[in-house]
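K.L.:
Quick one, fold the following:
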Amino acid sequence: MRILFAVPLLLLGACQVTKDDNSTTLSFNEDVAANAAEDIGNAAENLGGAIANEADQTAAKVENKVGDVDVDVNVTHKDGDEHTNQQ
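P.N.:
Numbering: from 1, shown residues only. Sure thing, here's the model as predicted:
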């Protein structure tokens, strides 16, 4: 979403101003604008890939630290305890 705020600034960079003796000309260079848009797309793609890689690496580290956990539970009941569940 924040990238949308940068687009007008990049488009402004594609404007070229030429000043002569009595006139000033403002022109828009489509090639520069297209290259800027392509660069933004590539940067966003690279950023997304880096985030995905970091998430995968973090998940692998957590899995390696935790590993498999075996739990043995021994439950003994006292005879005559009114709170025990009798089945």
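
K.L.:
switch to C-alpha atoms for all contacts and neighbour counts from now on
P.N.:
Noted.

K.L.:
the longest helix in the protein is where?
P.N.:
Looking only at the chain and at elements set by DSSP state H, the helix with the highest residue count is helix 30-66.

K.L.:
That one packs against which elements?
P.N.:
Counting contacts by 3 or more CA pairs under 8 Å, 6 or more residues apart in numbering; DSSP states H and E, helix 30-66 packs against helix 3-13.

K.L.:
Give me the angle between the very next helix or strand once past the helix it packs on and helix 30-66.
P.N.:
Sequence-wise, the next helix or strand downstream of helix 3-13 (DSSP states H and E) is strand 15-19. Compare the direction of strand 15-19 with that of helix 30-66 by axes from the mean of the first three to the mean of the last three CA atoms, to 10 degrees and you get 140 degrees.

K.L.:
Next SSE downstream of strand 15-19?
P.N.:
strand 24-28.

K.L.:
contacting residues around that next one?
P.N.:
With contact meaning CA atoms under 8 Å, 6 or more residues apart in numbering, strand 24-28 is reached by 14-19.
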